[in-house]
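Engineer: Okay, here's the prediction I keep looking at, along with the sequence it came from:
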Amino acid sequence: MHIRHIAKLVKLARAVIVIPLVSFGTVPAQATPGQGPLAASINPDNGWYSLAAKDGQTFLRNTAVGVKVDGRWIHPDDYSRPTIIRGTSTGELGNCQTWEVTYAGTQSLPSLIYKIRTYTKLPAGDIEVIVRNSTTKNISVQDIRSVDVKGSAALSLGARETDDRILSDSVSENRPVVMIHDLADVKDQSHPMHRGVGSQLIYNPQSGRSLFFGALTSDKFLTILRLRLGGSTADRNIAAYEVDSAGTTELTKEDSLQEAPQEDQIELSLSVPPDKDLRAERLFFSFSNDYHEQLTTYGLLIKHIHHARVLNPTPMGWWSWTAYGPNLSANNAVINAQWESRYLKPLGYDFFHIDEGYSIARGDYLRPNPVLFPNGLGGVEKKVAALGLLPACGRRHLRFRKLLRFTRIIPIGSCTTSRASRSG
């Protein structure tokens, strides 16, 4: 993991969420005494949920879950009336109200289960979807959808959605660049959407309210969030919102697989034997008027759940890629280290991170670049350490464009860690 990524996670860990809790159903739900800042209501006929704040503002309306099995999407409409169980539990942030909705499977259709928790003292909650293979044979799961909401007013922050602003995390530090966008500010006008990987914050400056979603785990999948837009280029609106636990295929098709033959653009999947479960990544949600507190709460949860070894202070320092890309030389590295040690180290900037460029080729990290680092990396790192800085270096996975065919025979234990499917 790059130092920049570590710093980013630690900064998030200091910025956690405090949210109004949720409500399920086809009509806005209002919190009752002792229920908490958010309320959840569930439609007893189809199991769709709605989430609302204590004042009755519904921010998600008529929301479904789903799963893509053997290349086919399965939705609540494919099942009979669900079973709904309500109860209480204790989560990482305290006592919770809980809802468990089960769509019973058959010999040809897996069971679909989702669980929602809302905290009684905090405006926050989480959702987890489970696929249970109730059939008599192995099934192949490509995607599990925790949030699937469509139509007018399906997602509302209490003011004109044209004023909404969106901050989406990305799969890498520059794909795409992480920055705040207006609702209509999208790159692809033919398929307009704001896509995040891991987390997404939607804020309306008129109402002062924000909606945040963030992955609490990353055990088998990426968490991909899509705010889809409708309307004309001059007058955009929100058409749908989706949050999926899925593999890297969608993202790599736009990057390392963009020019690859169709036979190499394999949709990643996980096999689930009969009577076994596959869980989506847990998803944290929040709706409040304090987006900074939302981010802080989220970060603290990540720190707690995953027993973070990186504590305060946040790692800070210099990173070569932004200024030099793959063209950093040994001489320029030492000059920058000297400058950092003299002017920035007293302010707490003590990491010195060399990214790509020191090796002779991507993936060949044992042989130095004879032009840029004629004496190797070791001497440079010793000079950096002598200046009182902490040396670090980055590496990249090989681009397996020609080797992607091997994904068919290499066991894939995780959609995000298959050696033959990762790149960059």
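Structural biologist: Noted; the coordinates are in hand.

Engineer: show me the contacts for Ser271.
Structural biologist: By Cβ atoms under 8 Å, 6 or more residues apart in numbering, the contact set of Ser271 is Asn138, Ile139, Ser140, Val141. (Each C-beta comes from the backbone N, C-alpha and C, glycine too.)

Engineer: mind checking the SS state of the third one?
Structural biologist: Secondary structure of Ser140, reduced to three states by DSSP: H, G, I helix; E, B strand; the rest coil: strand.

Engineer: List the pairing partners of the helix or strand Ile85 falls within within its sheet, with orientation.
Structural biologist: In this structure, Ile85 is located in strand 83-91 according to DSSP states H and E. Looking at strand 83-91 with DSSP bridges, its partner strands are strand 94-103 (antiparallel).

Engineer: Show me which parts of the partner strand are buried, residue by residue.
Structural biologist: Cys96, Gln97, Thr98, Trp99, Glu100, Val101, Thr102, Tyr103 (16 or more other Cβ atoms under 10 Å).

Engineer: hang on, the earlier thing: mind giving me the ChimeraX command for buried ones among the contacts of Ser271?
Structural biologist: To isolate the buried members of the contacts of Ser271 in ChimeraX, using 16+ other Cβ under 10 Å:
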select :139,141
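
Engineer: Now the contacts of Ser271 in CSV, please, with extra columns for pLDDT and distance to Arg86.
Structural biologist: As requested, the contacts of Ser271 are exported to CSV (pLDDT from 0 to 100; distance: Cβ to Cβ, whole Å):
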residue, pLDDT, distance to Arg86
Asn138, 97, 33
Ile139, 97, 29
Ser140, 97, 33
Val141, 97, 28
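
Engineer: Would you mind checking which of the contacts of Ser271 is nearest to Gly36?
Structural biologist: Val141 (32.6 Å; Cβ to Cβ).

Engineer: what sits against the closest one?
Structural biologist: Neighbouring residues of Val141 by Cβ under 8 Å, 6+ apart: Val67, Lys68, Val69, Val131, Ser269, Leu270, Ser271, Val272, Leu278.

Engineer: what kind of secondary structure is Thr296 in?
Structural biologist: helix.

Engineer: what's around it, how many residues?
Structural biologist: 19 (other Cβ atoms under 10 Å).

Engineer: and it, what are its bridge partners?
Structural biologist: Following DSSP bridges, Thr296 is listed with bridge partners Val16.

Engineer: Over to Gly231?
Structural biologist: Counting by DSSP bridges, the residues bridging with Gly231 are Arg236.

Engineer: The nearest residue to Phe59 once chain neighbours are set aside is in what secondary structure piece?
Structural biologist: Once flanking residues are discounted, Phe59 sits nearest to Phe287: 4.7 Å by Cβ to Cβ, 6 or more residues apart in numbering. Assigning secondary structure by DSSP H and E places Phe287 in strand 283-288.
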